[in-house]
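Novice: give me a 3D structure for the following:
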Amino acid sequence: MTEQTKIPLLRSFPAKKILIIGDVMLDEYVWGEVNRISPEAPVPVVNVQRRSSVCGGAANVAANVASLKGQAFLASVAGDDGQGRRLREILAETGVDAKGLLTVNDRPTSSKLRVIAHSQQVVRVDSEQTSALGRGAEDELLDRVEETLSGVDACAISDYGKGVLSPRVAQRVIQLAIEQKKPVAVDPKGTDFSKYRGATVVTPNMKEAEAILGVELRGERAIVDGGRSLEELLDGGSVLLTRGAEGMSVFAGSAEPLHIPAIAKNVYDVTGAGDTVLAVLTLALASGASLAEAATLANIAAGIVVGKLGTSTVEMSEL
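Specialist: Numbering: from 1, shown residues only. Okay, the predicted model is just below:
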């Protein structure tokens, strides 16, 4: 991708409206330092210096869209609890339209509490409920999606396996996007790839791809064969396989696979890198980029965000 291609593409981001649907969470951090081991058990004692919280999951995808000057519309569910209220506050501060974030009383807001000492994660504590939403909550969520989708340029589905994206919800969202000729990009979870059929592009990482296919993808030949097999499961959808330090590979119909090398210089934390990839990919597709161009730009963004500690976003100036 040349500067002559990239700059006009980036300049079109602020005019784009993106609907993000998926599992939201609050990422909480306790930052401190360790100077001794506990006398009670062989564990480090962390002296807390500060605390922070940021958007996680689909909410972080929305935050990335907003940080890149796009207009983000979020559809999901959160609990009637302190984490849910804090998440809404952060979304408002970030500029994300969260009118589609429903409050449910029968489940907590998913949250991940990470304790960080000397730039190293000491422990992570998860609070969540991963059962599927009730039929009533699904219907209300789909109503919100249908109301919003007609006014946006593209849709991003962020599946963290926390219960929001049942096969019924995922397929209905994708079908609505197809009917309205809106590109839809998916960050998948789990082994049921069929629920993403019809999506424009799905972005599994290597571990997810291997779990779906039931084979190890070792060597370029196996990766190409695996990418083609994933395409078949999507009934014509494309695959962007994220390969960590090996970059990304794009599989799109009859075209030759495109392998994009990673560009990260320093990798401090991969937390949320997939969220950034999904946000940039969707914004680029909404702006008329080809899948190859969108993937190349998403790869650049991934190289930036993994150089930051904790769940982070990418700014327009960095791209």
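Novice: and the helix or strand Val186 falls within, which strands flank it?
Specialist: Element membership of Val186 [criterion: DSSP states H and E] is strand 184-187. Using DSSP bridges, the strands paired with strand 184-187 are strand 154-158 (parallel), strand 201-202 (parallel).
Novice: in CSV: the ones you listed, plus mean pLDDT, distance to Gly32 and mean neighbour count.
Specialist: In this view, the C-beta of every residue, glycine as well, is placed from N, C-alpha and C. CSV is the format used below for the strands paired with strand 184-187 (pLDDT from 0 to 100; distance: least, CB to CB, whole Å; neighbours: other CB atoms under 10 Å):
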stretch, mean pLDDT, distance to Gly32, mean neighbour count
strand 154-158, 98, 30, 28
strand 201-202, 97, 39, 26
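Novice: quick one, strands of the stretch 101-250 of the chain?
Specialist: 111-117, 120-127, 154-158, 184-187, 201-202, 238-242, 248-251 (DSSP state E, counting those that start in this stretch).
Novice: could you measure from Asp159 over to Leu258?
Specialist: 24 Å (CB to CB, to the nearest Å).
Novice: list the contacts of Ser52.
Specialist: Ser52 is in contact with 28-29, 31, 310, counting by CB atoms under 8 Å, 6 or more residues apart in numbering.
Novice: surely it is within a strand?
Specialist: Yes - looking at Ser52 with DSSP: H, G, I helix; E, B strand; the rest coil, it is inside a strand.
Novice: okay, and the residue nearest the centre of the chain sits in which element?
Specialist: Centre of the chain computed as the mean C-alpha position; nearest residue by CA atoms, centre = their mean is Asp275, 2.8 Å away. Asp275 is part of helix 273-286 when elements are defined by DSSP H and E.
Novice: buried ones in the helix or strand that comes right after that helix?
Specialist: Elements were assigned by DSSP H and E; along the chain past helix 273-286, the next helix or strand is helix 291-305. Neighbour-count burial for helix 291-305 flags 291, 293-305 (criterion: 16 or more other CB atoms under 10 Å).
Novice: any idea what sits nearest Ala117, other than its immediate chain neighbours?
Specialist: Counting by CB to CB, 6 or more residues apart in numbering, the nearest residue to Ala117 once its immediate chain neighbours are dropped is Val34, at 4.5 Å.
Novice: confirm that the one you found lies within a helix, as I assumed.
Specialist: No - counting by three-state DSSP, one finds Val34 to be strand, located in no helix.
Novice: lowest average confidence, helix or strand, in this protein?
Specialist: Sorting the helices and strands of the chain by mean pLDDT, DSSP states H and E puts helix 3-11 at the bottom, at a mean of 81.
Novice: contact partners of the strand holding Val186?
Specialist: 22, 61, 154-159, 170, 173-174, 177-178, 196, 198-203, 274-275, 277-278, 281-282, 285.
Novice: correct me, but Val96 touches Ala72?
Specialist: Yes - under the criterion of CB atoms under 8 Å, Val96 makes contact with Ala72 at 4.6 Å.
Novice: residue farthest from the centroid of this protein?
Specialist: Pro39 (40.5 Å).
Novice: helix, strand, or coil at that one?
Specialist: Under three-state DSSP, the three-state class of Pro39 is coil.
Novice: tell me, how many residues neighbour His118?
Specialist: Neighbours of His118 under the rule other CB atoms under 10 Å: 11.
Novice: quick check: it vs Lys308, distance?
Specialist: 16 Å.
Novice: which elements pack onto the helix holding Asp275?
Specialist: Helix 273-286 makes packing contacts with strand 17-22, helix 58-67, strand 154-158, strand 184-187, strand 238-242, helix 291-305 when contacts are defined by 3 or more CB pairs under 8 Å, 6 or more residues apart in numbering; DSSP states H and E.
Novice: need the least confident one among those, by mean pLDDT.
Specialist: When those are compared on average pLDDT, helix 291-305 comes out lowest at a mean of 91.
Novice: tell me how far the closest residue to Val43 other than its chain neighbours lies from Leu113.
Specialist: Excluding its sequence neighbours, the residue lying closest to Val43 (CB to CB, 6+ apart) is Ile37, at 7.0 Å. Using CB to CB, Ile37 is found at 21 Å from Leu113.
Novice: one more: Arg218?
Specialist: For Arg218, the distance to Leu113 - CB to CB - is 35 Å.
Novice: between those two, tell me which one has more neighbours.
Specialist: Leu113 (17 against 11).
Novice: ok, that one to Ala289 distance?
Specialist: Leu113 sits 37 Å away from Ala289, taking CB to CB as the criterion.
Novice: one step back: which ones are touching the residue nearest to Ala117?
Specialist: For Val34, the contacting residues are 44-47, 117-118, 122, by CB under 8 Å, 6+ apart.
Novice: now swap in Leu278 and tell me
Specialist: Leu278 makes contact with 61, 64, 156, 158, 185-187, 203, 298 under the criterion CB under 8 Å, 6+ apart.
Novice: for the closest residue to it other than its chain neighbours, grab the count of nearby residues.
Specialist: Spatial nearest neighbour of Leu278, chain neighbours left out: Asp187 (4.6 Å); criterion: CB to CB, 6+ apart. Using other CB under 10 Å, the number of residues around Asp187 comes to 28.
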